[in-house]
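Enquirer: Just a sequence and a predicted model for now, questions to come.
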Amino acid sequence: MSVFQGSAVAIITPFRNGTVDFTAFTRLIELQIASGSDAIVVCGTTGESSTMSVDERLSVIQFVVERVGGRVPVIAGTGGNCTDTVIESSRAAEAIGVDALLVVTPYYNKTTQAGLVAHYNAVADSVDLPIIVYNVPSRTGLNVLPATMAELVQHENIVGIKEASGNIEQIVNLAALCPECDIYAGNDDHVLPVLSIGGKGVISTIANVMPDAMHGLCDAFFKGDIALAREIQIQMIPLWRAAFCEVNPIPVKAMMGLMKLCEPDVRLPLVPLSESNLRLVTETLRAYELI
């Protein structure tokens, strides 16, 4: 059984004056659920988990689990480049009560494909939760090959992959090689192509600002209305371009600040959106009537 089908938001972590803004977080969670998001991914890349302390991450995960209250699945990002630390984080998230884990490939040390298999199997052996592998070579410098993923899904706890390689040929080969693997689009501009080859949905950044549209795209596809799904995918092109005009989540947080959903604050080494791109983001939101 899949962890979820449809649109999961890779939710931002709202900061205010250097700390997590739990008041704004409540507002964001309720917006996502009211808008039809099918799952919430917390402490992922978009959530700036790499700038948060261990205690902060656990407090945020616990807050989201408690606030969601079982209304949709909560998936916690627990990945890292030290297997023992990932195991510790994964066990802690499991104890809190998350529904699944999103585990990014080890970054910086850039292991081999055999090392990936050993790493993920060690993590999967340590918990009783479904695990979604997160493949994002542009950030980690490491690519999960289709043959490697086919080996990984032999473990009963490794059930899917967030595919953000940007390589459609690779994703098609993955779908052909291991049809038992749940494939989720990791790039907002690839949702419909991934769905068309059997994908289960998307883990989305844009869903932070247009959750209803991203849910609607997936819902239309699964109901057989391919024309509507295509229309929504194409309509979101300018928004996607603006949301990634600088490194994620700088632009999407600027958008959410303009929409009065939360402060646009990011943590170093990220810095606020440049003035020229802020103008682009503002004009784009106005075009979508979001501000």
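Expert: Here it is on my side, so go on. Owing to the predicted nature of the structure, the values given are computational and were not obtained by experimental measurement.

Enquirer: Next one: Asp55 relative to Val104, how far apart?
Expert: Computed as CB to CB, to the nearest Å, the Asp55 to Val104 distance reads 20 Å. Every C-beta, even on glycine, is put in place using the N, C-alpha and C of the backbone.

Enquirer: neighbour-wise, which of the two wins?
Expert: Legend: neighbour count by other CB atoms under 10 Å for Asp55 and Val104, higher for Val104 (25 against 8).

Enquirer: Cys181 and Glu231, how far apart?
Expert: Taking CB to CB, one finds Cys181 at 29 Å from Glu231.

Enquirer: can you give me the helices for the protein?
Expert: 22-34, 54-68, 83-96, 113-126, 137-140, 146-152, 168-177, 191-196, 211-222, 226-235, 237-243, 250-258, 275-287 (DSSP state H).

Enquirer: Could I get the contacting residues of the spatially closest residue to Leu258 that is not a sequence neighbour?
Expert: Once flanking residues are discounted, Leu258 sits nearest to Ile291: 5.3 Å by CB to CB, 6 or more residues apart in numbering. Neighbouring residues of Ile291 by CB atoms under 8 Å, 6 or more residues apart in numbering: 258-259, 282, 285.

Enquirer: same thing but at 6 Å, please
Expert: 258-259, 285 (CB atoms under 6 Å, 6 or more residues apart in numbering).

Enquirer: just checking, Tyr32 touches Ala8?
Expert: Wrong residue type there; residue 32 is Gln, not Tyr. No. Taking contacts as CB atoms under 6 Å, Gln32 lies outside contact range of Ala8: 9.3 Å.

Enquirer: Neighbour count for these two, which is higher?
Expert: Ala8 (33 against 25).

Enquirer: Any regions of this structure where pLDDT drops low?
Expert: For the chain, no stretch is flagged by pLDDT under 70.

Enquirer: Leaving out chain neighbours, which residue sits closest to Leu195?
Expert: Per CB to CB, 6+ apart, closest to Leu195 is Phe221, 4.8 Å.

Enquirer: quick one: the one you found and Ile33, what's the gap?
Expert: Phe221 is 21 Å from Ile33, by CB to CB.
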